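Colleague: just coords:
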Ligand SMILES: Nc1ncnc2c1ncn2[C@@H]1O[C@H](COP(=O)(O)OP(=O)(O)OP(=O)(O)O)[C@@H](O)[C@H]1O
Ligand SMILES: [Mg+2]
């Protein structure tokens, strides 16, 4: 079992504090969902953990099996087994999807133990089939001209090929049609197991009908303000966020408001 432990994490962007003490522990074999209104710091949390240069961690720690992730370079974080599926994946011209995936897979393996081309292709083919992706997606440049839904499906392809210990998926369901939502969910469910933990950032309970989370958290004002089981997501779908704000005496849930 592995553990990703986020402890009292404070993050600023251009001297403005966005995250104000996030605490969250994720074990492998667990799927956590983070919900919360717009502008409450969810994507900031994902970016800070992955080491986006714009996000300055002012205090706190992120431990992967006791090792400080915040001291690792970005490529070391990936090598250590962290994966970030982005809300807006970037396009990389000149690098094919397959080449990108193969170097990603090899980066997680020791030198001299690179995956054979045959084995890689076999695995890629089977995952692409499971995700119902067109064959030509492998040879196209990474994300270039991919539709919104194709980009999201491709993020899950990366996830399935790279097999990280922990994945943080930011709005992986946004812009997906009904079939794609089901397919993407199948991919994530396929990953479930002793060696995989996942944090899913989403606005909609709909996704959680396909992927049953073990824990659901609500983020407001740059903190996790409430946690529960899957029933919490259903309650939010029905009743919105006002009852939490009332319960906790929060007037403005965004990070703008100093608590
Ligand atoms: N690069 C940046 N520069 C300036 N402000 C930023 C930057 N990134 C985030 N912020 C601000 O931080 C706050 C939190 O943003 P964040 O993207 O984390 O919210 P979110 O919870 O993911 O919202 P959404 O649900 O809309 O995706 C917002 O007020 C946002 O404007
Ligand atoms: Mg966001």
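Modeller: Great, that's in hand. These numbers come from a predicted model, not from an experiment. Numbers count the residues shown, from 1 in each chain. Ligands and ions are numbered 1, 2, ... in the order given.
Colleague: identify the residues contacting the residue in the stretch 1-150 of the chain positioned nearest to ligand 2.
Modeller: Sorted by distance to ligand 2 under CB to the ion, the residues of the stretch 1-150 of the chain start with residue 43, at 3.1 Å. (C-beta placed from N, C-alpha, C; glycine too.) For residue 43, the contact set (CB atoms under 8 Å, 6 or more residues apart in numbering) comprises 87, 170, 201.
Colleague: repeat the analysis, applying 6 Å as the threshold.
Modeller: 87, 170 (CB atoms under 6 Å, 6 or more residues apart in numbering).
Colleague: would you quantify the distance from it to ligand 1?
Modeller: For residue 43, the distance to ligand 1 (CB to the nearest ligand atom, to the nearest Å) stands at 3 Å.
Colleague: tell me the pLDDT of that residue.
Modeller: Note on residue 43: pLDDT of 95.
Colleague: quick one: secondary structure of it?
Modeller: State at residue 43, reduced to three classes by DSSP: H, G, I helix; E, B strand; the rest coil: helix.
Colleague: which of the helices or strands spans residue 243?
Modeller: Assigned by DSSP states H and E, residue 243 belongs to helix 242-248.
Colleague: who does that helix touch, helix- and strand-wise?
Modeller: Helix 242-248 sits against no helix or strand, with contacts defined as 3 or more CB pairs under 6 Å, 6 or more residues apart in numbering; DSSP states H and E.
Colleague: now the strands for this protein?
Modeller: Under the criterion DSSP state E, the chain carries strands at the ranges 3-13, 16-27, 31-35, 56-64, 67-68, 82-85, 92-96, 141-142, 166-170, 197-201, 215-220, 223-228.
Colleague: can you tell which of those is closest to residue 252?
Modeller: strand 215-220 (9.1 Å; CB to CB).
Colleague: and that closest one with strand 197-201, angle?
Modeller: 40 degrees (axes from the mean of the first three to the mean of the last three CA atoms, to 10 degrees).
Colleague: please renumber the chain so that the first residue is 290 from this point on.
Modeller: Sure thing, new numbering starts at 290, so read that last one as strand 504-509.
Colleague: partner strands of strand 504-509, with direction?
Modeller: strand 320-324 (parallel), strand 512-517 (antiparallel) (DSSP bridges).
Colleague: for residue 479, give its distance to residue 442.
Modeller: 13 Å (CB to CB, to the nearest Å).
Colleague: the two: who's more crowded?
Modeller: residue 442 (22 against 15; other CB atoms under 10 Å).
Colleague: if I look at the more buried one, how far off is residue 303?
Modeller: 34 Å.
Colleague: need phi/psi at the nearest residue to residue 496 once chain neighbours are set aside.
Modeller: Among residues not flanking residue 496 along the chain, residue 462 sits closest, at 4.2 Å (CB to CB, 6 or more residues apart in numbering). The phi/psi pair for residue 462 (degrees, to the nearest 10) reads phi -90, psi -10.
Colleague: what residues does the protein have near ligand 2?
Modeller: 331, 332 (CB under 5 Å from the ion).
Colleague: which parts of the chain sit against ligand 1?
Modeller: 302, 307, 325, 327-333, 343, 543-544 (CB under 6 Å from any ligand atom).
Colleague: could you identify the buried members of these?
Modeller: 302, 307, 325, 328, 329, 330, 331, 332, 333, 544 (16 or more other CB atoms under 10 Å).
Colleague: in JSON lines: those residues, plus distance to residue 422.
Modeller: As requested, those are exported to JSON lines (distance: CB to CB, whole Å):
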{"residue": "302", "distance to residue 422": "35"}
{"residue": "307", "distance to residue 422": "35"}
{"residue": "325", "distance to residue 422": "31"}
{"residue": "328", "distance to residue 422": "33"}
{"residue": "329", "distance to residue 422": "33"}
{"residue": "330", "distance to residue 422": "32"}
{"residue": "331", "distance to residue 422": "27"}
{"residue": "332", "distance to residue 422": "25"}
{"residue": "333", "distance to residue 422": "30"}
{"residue": "544", "distance to residue 422": "37"}
